[in-house]
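1. Build the 3D model from these lines:
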Amino acid sequence: MSKLPEAWRWDRVRALLEHAVEAGWIPGFAARVGIRDQVLWQHVGGQAVQQGGRPRPMTEDTWFDLASLTKVMATLPSLLVLAQEGKVTFRQSVREFFPTWDARWDQVTIHHLLTHSGGLVPFRPYHETLDAPAAVLHAIQNEPWAAPPGTSVIYSDLGFILLGAIVEQVSGRPLAAFVETAVFEPLGIREARYTPDEAVKARCAATEVVAGQALQGVVHDENARAMGGVAGHAGLFATVDAVSRYAMAWAAGPSPLWSEAVWNYATRCHTTSLNGRRGWGWALRGDSYDVGGDFWPDTGAGHTGFTGTSLQFDPVSGIWAVLLTNRVHLGREVNINPLRRTFHNVVMGIVG
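-> Numbers count the residues shown, from 1 in each chain. This is a model prediction of the structure:
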């Protein structure tokens, strides 16, 4: 990946993020911006661990708990690979993969789940009583609808838990193993995985402090943790280099993983008549989860993670931006969406 030395133009971005650290909005960050396969700017700052453990500064090789970026970095591309191999179509219903489930699941398709329009509730605290993937799936089976399928966009972790299980059903492999060989290896991504080993845990940014001890290399999402750390909605860890390489793959166009037709269709709005603007997995411009700011191109897409991560790209101009923070290390209360939008505004003021 090539880098263009125009650091003086980027001082305002660096100053914005360093101010966020000084103001106590985030403990630390790793950020990159580029166009297609070029890195235009990168910077790290703040602390990877600030409390609940031995203090450690943020570095370029720090690993982050990506939280819901897992949905678009692991589950979405896995399904795209399987669809292109002719092993699944997105119009198939959930019940085709779980034939013992109630007949009502005939109404919910993979397409619905990818666009968060399946009518599932956003979240349930399954971790309070359950501790296995099969038990979580059984609980989802019995959940009442939040809305009739196909009638409303309701962002749902439950839908992506189901999609992760479908990847396993169709591929015949554990989700973590399939993602590594079918997604990350073809894209040249080496520093992304579920369930980090001890060496990687030592390089992880800390998330929430629990009982006086910061979580490092242990997935922050409690439901993913109850499922053994591997799930379709959360659980992935990665470095800023890994997330940037994935952003490049979407910003640059056709890749080893998808054709131009698939690339275009995944970032098309599939919910134009509903209350949100959703592609497959991606939040599009104007969606309630969109953090692209005021100037990001209308053709852009992105996603965020609860721990403080985000990825934004535009498939037309090729611009992409990755901002990884460990904001929940200081608690869950701080909303960094204004910071994300301001970050993207400043970036577009330079490269737009």
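2. C-alpha from now on. contacts and neighbour counts both.
-> Fine.
3. quick one: average confidence on stretch 43-54?
-> The pLDDT scores in stretch 43-54 average 97.
4. Buried residues of it, list them for me.
-> In terms of neighbour count (16 or more other C-alpha atoms under 10 Å), stretch 43-54 has its buried residues at 43-52.
5. what's the domain layout of the chain?
-> 2-64+191-351, 74-175 (automatic domain parsing).
6. Include distance to Thr181 when you put those into a markdown table, please.
-> Formatted as a markdown table, the domains of the chain follow (distance: least, C-alpha to C-alpha, whole Å):
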| stretch | distance to Thr181 |
| --- | --- |
| domain 2-64+191-351 | 11 |
| domain 74-175 | 10 |
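7. for these, which one ends up most surrounded?
-> domain 2-64+191-351 (a mean of 20; mean count of other C-alpha atoms under 10 Å).
8. Mind checking what helix or strand follows the lengthiest strand in the chain in sequence?
-> For the chain, the longest strand by residue count, based on DSSP state E, is strand 38-49. Counting by DSSP states H and E, the next helix or strand C-terminal to strand 38-49 is strand 56-57.
9. Remind me what that following strand packs against, helices and strands.
-> Helices and strands touching strand 56-57, by 3 or more C-alpha pairs under 8 Å, 6 or more residues apart in numbering; DSSP states H and E, are strand 38-49.
10. The strand it packs on - contacts with which helices or strands?
-> On a contact count with 3+ C-alpha pairs under 8 Å, 6+ apart, strand 38-49 meets strand 2-3, helix 11-22, strand 28-35, strand 56-57.
11. Please compute how far it lies from its chain's middle.
-> 18 Å (C-alpha atoms, centre = their mean, to the nearest Å).
12. got it, and stretch 228-244?
-> Using C-alpha atoms, centre = their mean, the offset of stretch 228-244 from its chain centre is 8 Å.
13. residues in contact with the residue nearest to Val322 when sequence neighbours are not counted?
-> Spatial nearest neighbour of Val322, excluding adjacent residues (C-alpha to C-alpha, 6 or more residues apart in numbering): Leu311 at 4.7 Å. Applying C-alpha atoms under 8 Å, 6 or more residues apart in numbering, we find Leu311 in contact with 69, 243, 247, 302-304, 320-323.
14. So for the chain, the centremost residue is which one?
-> Centroid-nearest residue in the chain: Leu69, 0.8 Å away (criterion: C-alpha atoms, centre = their mean).
15. Compute the distance between it and Glu18, please.
-> Leu69 is 23 Å from Glu18, where distance means C-alpha to C-alpha, to the nearest Å.
16. Can you lay out the buried residues of stretch 43-54 as CSV showing distance to His138?
-> Below are those laid out as CSV (distance: C-alpha to C-alpha, whole Å):
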residue, distance to His138
His43, 44
Val44, 42
Gly45, 43
Gly46, 42
Gln47, 40
Ala48, 37
Val49, 37
Gln50, 39
Gln51, 38
Gly52, 36
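17. Looking at those, which one is closest to Arg173?
-> Distance to Arg173 across the buried residues of stretch 43-54 (C-alpha to C-alpha) is lowest for Ala48, with 33.4 Å.
18. Tell me where the stretch 151-300 of the chain has strands.
-> For the stretch 151-300 of the chain, the strands defined by DSSP state E, counting those that start in this stretch occupy 192-193, 209-210, 213-214, 237-239, 283-284.
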